[in-house]
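S.K.: sharing a model that was predicted from the sequence below.
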2 protein chains.
Amino acid sequence: MNAYHIIAKKRDKQSLSSKELEFFVRGFADGSVTDYQMSAFLMAVFLNGMNPEETVSLTLAMMGTGKVLDLSAIPGKKVDKHSTGGVGDKVSLVLAPLVAAAGVKVPMVSGRTLGHTGGTLDKLESIPRLRTHLTSAEFVKNVEKVGFSIVAQSSELVPADEGMYALRGVTGTVESIPLIVSSILSKKFAAGIDSIVFDVKCGGGAFMADLASARGLAQELVRVCSLLGKTGRAFITDMAQPLGRAVGNALEVKETIECLRGGGPHDLRELTLELGAEMLSLAGVEKVRGKAVSLLEKLLDGGQALEAFRKFVEAQGGNGGVVSDDSLLPGARSVRTVTAREEGFVSSIDARALGELCVDMGGGRRRRDDEIDKSVGFLLEAKVGEKVSKGSPLCEVHSSSEKGETTERVREAFRIGEQPPGERRILLERVDG
Amino acid sequence: MNAYHIIAKKRDKQSLSSKELEFFVRGFADGSVTDYQMSAFLMAVFLNGMNPEETVSLTLAMMGTGKVLDLSAIPGKKVDKHSTGGVGDKVSLVLAPLVAAAGVKVPMVSGRTLGHTGGTLDKLESIPRLRTHLTSAEFVKNVEKVGFSIVAQSSELVPADEGMYALRGVTGTVESIPLIVSSILSKKFAAGIDSIVFDVKCGGGAFMADLASARGLAQELVRVCSLLGKTGRAFITDMAQPLGRAVGNALEVKETIECLRGGGPHDLRELTLELGAEMLSLAGVEKVRGKAVSLLEKLLDGGQALEAFRKFVEAQGGNGGVVSDDSLLPGARSVRTVTAREEGFVSSIDARALGELCVDMGGGRRRRDDEIDKSVGFLLEAKVGEKVSKGSPLCEVHSSSEKGETTERVREAFRIGEQPPGERRILLERVDG
């Protein structure tokens, strides 16, 4: 067995055995398989695909390069949620404390901003002193005591993924279902979870723009989970417009806190409740959807979810006072309002354009080591379907400079039509195992 | 323009412009495009192909990373021959002095053993003190004075090729027509030639095992030459059995000298005359095939070709006495004869198996820096179609050890049938522009 023959087999559309994938990925982790061999392999996988069994083997091979946490000492099912990334997607920040308040243990390994999409870790780090780099022991302790923890990928877990992920970013091999699935699942299952709910975003602001490709990814995630002996369920949800009203790190944390107080935008609350009900079902806490939703609504409206969030912030070194005083979050130097030029109904809001604009304003990264300005972003004053009149506010722009050039780009992201658009649902499809 | 987008375009089956290919290849040569990006690109090209215009642009981009020799000061057309590699293929060693004796200038940049196939440079270096690393100035001077020169690729010519070639070898991207064509043509045309004859080997001992793939390569070589404003003609020739009777470096030089004395095996002489007649036609020396063949036969039988070879050996620092005293070449420690176990007709000889066995005996390389034992190899005592009786010799094995384990493997390479096989022609097809 050697790296060359493994690459050549995939190149020739043959399936690879678990032994071959283990040899290749382990070799990459220990340096005996080079970067350039991995790149050729990634391109061959991108173009020739993998069957679900190969994706399972690849996932296990990646997990095998590092530590796999054993959370069996913590009673109950450990359930996670993973989103494929969107604009304004702060669901994890609301959902994790909410289901933890219902008794589900959530060990969540999360990511950073990627391209035009935000990252949970960067949002969390707008909270003064909050740490997302914990040791495995701290992580396990927090899951046990607080009910959940949200941390950065530790280099002890799936070390092969970091190098593979970095190579994919520079070799045009990101958008490959087996590579996406193995990257997500290896990290999730190395963190010791039993089951997982996937939020596969679909639409202009997501990596999967159309329903067919979102469905393909959702089905493969669920199928590979099942082949791994785990339970995965997936929702395909709308990412044509930003989720909620806030886009940008600190602004999204503020909106999270509103939602955890029982308020916040309707679509954010609805999606959180749906995903939460599924997590309660997977954890065996409450299998009946209606009852699960009612339970979660009470925990949001009764303040228990907010309290779980406060405990989490403090357990990770942050200032828990942030839950009642959002002036502790960084604020932008300049806030101005972009207004409508005409009367009508908002027919669409270009989520990707706003996400990219947010990066341009310093709210995301162009390079891995870019500093993020946590204060910048947008607050949508009008969402799709809402009526606006000439001069009425569309969006608050929070930026670090007074430069007005952003205004026109923000205005262009909003399309105004004469007729109200058809009603849009946040939940598009559900994919079971 | 950036490397990522160029890789992604090829991944998505789009054609690349000459500017994009130049940017990418130049970037690879100067280090701004990394090895792993080049590997992903090579795999994308392997799987998605290139149209002839892209292959032309890639060839020119590769040439553009180094020097291009200007041989216009030497009068007459400069014509070369390139073989895609076979077992026992010593044609270049006979052909270059032969057509040089007819007045054609042959600036030949040649290669080393690759896998199971022999390399002209390694064969030549069995001649004591002969140098194949000349400066560009020495090369040009020898072409002018002797009529031909055979040298190793200089790092001044097409520096991008060395790295690309090395990456292809370890990433499973060798057998790609656009990559093969651009690698060959960039090196050939950087050496200043006007036209070229290709000997595309076909059969079990060649890289192209079947006629369809050999034809695909031959046609693309000729087409891309023409798009580059040069003339290329291709022959597809048989490589089911080794060419001639000798396989192995010093043994092939001995056979070369026999052939240059007017003797040697029939298939070697026939193929050399065919390719030589084509070179005479391309050089404008003699356009009528029959007349060209007669002229070349006279030069072989009259000793003029041998004399050109002697001058060449001396011009490159070697001992010219080798043309009349082959004891100057290294001899093997052990020579034994493998005999037939049954009576019949040789129906096939597995050229690839003998080529690989020769490598195992030290006559080729497993790694780039392996030392070659020039003395080892085979002398076929029976070729396809010849009658053998039980106990009659099939093959002389020249090796450095007395170990007999080779015997059985050599015997297995020979198939003996009851009936004589159908007649095989050495020349299978000719491909014009």
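M.R.: Structure received.
S.K.: got the buried residues for the helix or strand where residue A:297 lies?
M.R.: Secondary-structure element containing residue A:297, defined by DSSP states H and E: helix A:289-301. Neighbour counts over helix A:289-301 (16 or more other CB atoms under 10 Å in any protein chain shown) mark A:292, A:293, A:295, A:296, A:299, A:300 as buried. Placement of C-beta: from N, CA and C, glycine included.
S.K.: ok, now how distant is the third one from residue A:314?
M.R.: For residue A:295, the distance to residue A:314 under the criterion CB to CB, to the nearest Å works out to 25 Å.
S.K.: identify the bridge partners of the one residue sitting closest to the centre of chain A.
M.R.: In chain A, the C-alpha closest to the average C-alpha coordinate belongs to residue A:83, at a distance of 3.6 Å (CA atoms, centre = their mean). Taking DSSP bridges as the rule, residue A:83 bridges to residue A:199.
S.K.: and the closest residue to chain B within the stretch 251-400 of chain A, what does it touch?
M.R.: For the stretch 251-400 of chain A and chain B, the shortest gap (CB to the nearest CB) falls at residue A:366, measuring 12.5 Å. Applying CB atoms under 8 Å, 6 or more residues apart in numbering or on different chains, we find residue A:366 in contact with residue A:359.
S.K.: got it, and the one 4 residues further on?
M.R.: Each residue near residue A:370 by CB under 8 Å, 6+ apart is listed here: residue A:364.
S.K.: for it, what is the enclosing helix or strand?
M.R.: Here residue A:370 is assigned to no helix or strand, by DSSP H and E.
S.K.: swap in residue A:106?
M.R.: strand A:106-110.
S.K.: for the helix or strand that that strand is followed by, name the packing helices and strands.
M.R.: Heading C-terminal from strand A:106-110, the first helix or strand you meet, by DSSP H and E, is helix A:120-124. With contacts defined as 3 or more CB pairs under 8 Å, 6 or more residues apart in numbering or on different chains; DSSP states H and E, the packing partners of helix A:120-124 are helix A:91-101, strand A:106-110, strand A:148-152, helix A:249-260.
S.K.: and helix A:120-124, C-alpha only, in CSV?
M.R.: Presented in CSV, the C-alpha positions along helix A:120-124 are these (Å, rounded to 0.1, in the frame of the first residue of the first chain):
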residue,chain,number,x,y,z
THR,A,120,-20.0,31.3,16.5
LEU,A,121,-16.6,31.6,18.2
ASP,A,122,-16.0,35.1,16.8
LYS,A,123,-19.4,36.2,18.0
LEU,A,124,-18.9,34.8,21.5
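S.K.: now do the helices in the stretch 251-400 of chain A.
M.R.: A:266-283, A:289-301, A:304-315, A:351-358 (DSSP state H, counting those that start in this stretch).
S.K.: what lies in contact with the longest one?
M.R.: To tie it back to what came earlier, the one meant is helix A:266-283. A:76-77, A:79, A:81, A:90-91, A:94-95, A:98-99, A:102-106, A:194-197, A:199, A:231, A:233, A:235, A:237, A:243-244, A:255, A:259, A:286-287, A:289, A:292-293, A:295-297, A:300, A:383, A:426-427.
S.K.: check contacts around the closest residue to residue A:26 other than its chain neighbours.
M.R.: Distance criterion CB to CB, 6 or more residues apart in numbering or on different chains; nearest residue to residue A:26, sequence neighbours excluded, is residue A:65 at 6.2 Å. Counting by CB under 8 Å, 6+ apart, residue A:65 touches A:25, A:26, A:29, A:158, A:159, A:160.
S.K.: cool, residue A:64 as well?
M.R.: Residue A:64 neighbours (CB under 8 Å, 6+ apart): A:22, A:25, A:26.
S.K.: list the helices and strands the helix or strand hosting the second one packs on?
M.R.: In other words, residue A:25. Using DSSP H and E, residue A:25 falls within helix A:18-30. Helices and strands touching helix A:18-30, as assessed by 3+ CB pairs under 8 Å, 6+ apart, comprise helix A:3-11, helix A:35-48, helix A:52-63, helix A:159-171.
S.K.: domain ranges for chain A, per the record?
M.R.: A:3-49, A:79-326, A:330-417 (automatic domain parsing).
S.K.: need those in CSV with mean pLDDT, can you?
M.R.: Shown next, in CSV, are the domains of chain A (pLDDT from 0 to 100):
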stretch, mean pLDDT
domain A:3-49, 97
domain A:79-326, 95
domain A:330-417, 92
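S.K.: can you say which of the ones you listed is nearest to residue B:263?
M.R.: For residue B:263, the closest of these is domain A:3-49, at 42.1 Å, according to CB to CB.
S.K.: point out the residues in the stretch 51-200 of chain A that sit beside chain B.
M.R.: In this structure, the stretch 51-200 of chain A approaches chain B at residues A:167, A:170, A:171, A:172, A:173, judged by CB under 8 Å from any CB of the partner chain.
S.K.: so what's residue A:161 up against?
M.R.: So residue A:161 contacts A:62, A:153, A:183, A:186, A:187 (CB under 8 Å, 6+ apart).
S.K.: and for the fourth one, the neighbour number?
M.R.: Using other CB atoms under 10 Å in any protein chain shown, residue A:186 has 27 other residues around it.
S.K.: ok, it to chain B distance?
M.R.: 21 Å (CB to the nearest CB, to the nearest Å).
S.K.: and the last one, by the same measure?
M.R.: Distance, residue A:187 to chain B, using CB to the nearest CB: 22 Å.
S.K.: give me the contacts around the helix or strand harbouring that residue.
M.R.: Per DSSP H and E: residue A:187 is located in helix A:177-190. In this structure, residues lying in contact with helix A:177-190 by CB under 8 Å, 6+ apart are A:42, A:45-46, A:49-50, A:54-55, A:58-60, A:62-63, A:66-69, A:80, A:82, A:84, A:109, A:153, A:157-158, A:161, A:164-165, A:168, A:173-174, A:196, A:216-217, A:220-221, A:224-225, A:228, A:230.
S.K.: try 7 Å this time
M.R.: Helix A:177-190 is contacted from outside by A:42, A:45, A:49-50, A:54-55, A:58-59, A:62-63, A:66, A:68-69, A:80, A:82, A:109, A:153, A:157-158, A:161, A:165, A:168, A:173, A:196, A:216-217, A:220-221, A:224-225, A:228, A:230, using CB atoms under 7 Å, 6 or more residues apart in numbering or on different chains.
S.K.: of those residues, grab the buried ones for ChimeraX.
M.R.: Entered in ChimeraX, the line below selects the buried ones among these, by 16+ other CB under 10 Å:
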select /A:42,45,50,54,55,58,59,62,63,66,69,80,82,109,153,157,158,161,165,168,173,196,217,220,221,224,225,228,230
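S.K.: relative to residue A:172, how far out is residue A:258?
M.R.: From residue A:258 to residue A:172 the distance is 40 Å (CB to CB).
S.K.: rewinding a little: could you export the helices of the stretch 251-400 of chain A as CSV, including distance to residue B:413?
M.R.: Formatted as CSV, these follow (distance: least, CB to CB, whole Å):
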stretch, distance to residue B:413
helix A:266-283, 63
helix A:289-301, 71
helix A:304-315, 72
helix A:351-358, 62
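S.K.: circling back to that earlier point, which among the residues of the stretch 51-200 of chain A next to chain B count as buried?
M.R.: Here, 16+ other CB under 10 Å leaves A:167, A:170, A:171, A:172, A:173 buried among those.
S.K.: okay, now residue A:256: neighbour count?
M.R.: Counted with other CB under 10 Å, residue A:256 comes out at 28.
S.K.: what sits against it?
M.R.: Counted by CB under 7 Å, 6+ apart, residue A:256 has contacts A:90, A:93, A:94.
S.K.: hmm, residue A:123 and the second one touching each other?
M.R.: So the one you mean is residue A:93. Yes: when contacts are counted by CB atoms under 7 Å, residue A:93 is listed as touching residue A:123 (6.4 Å).
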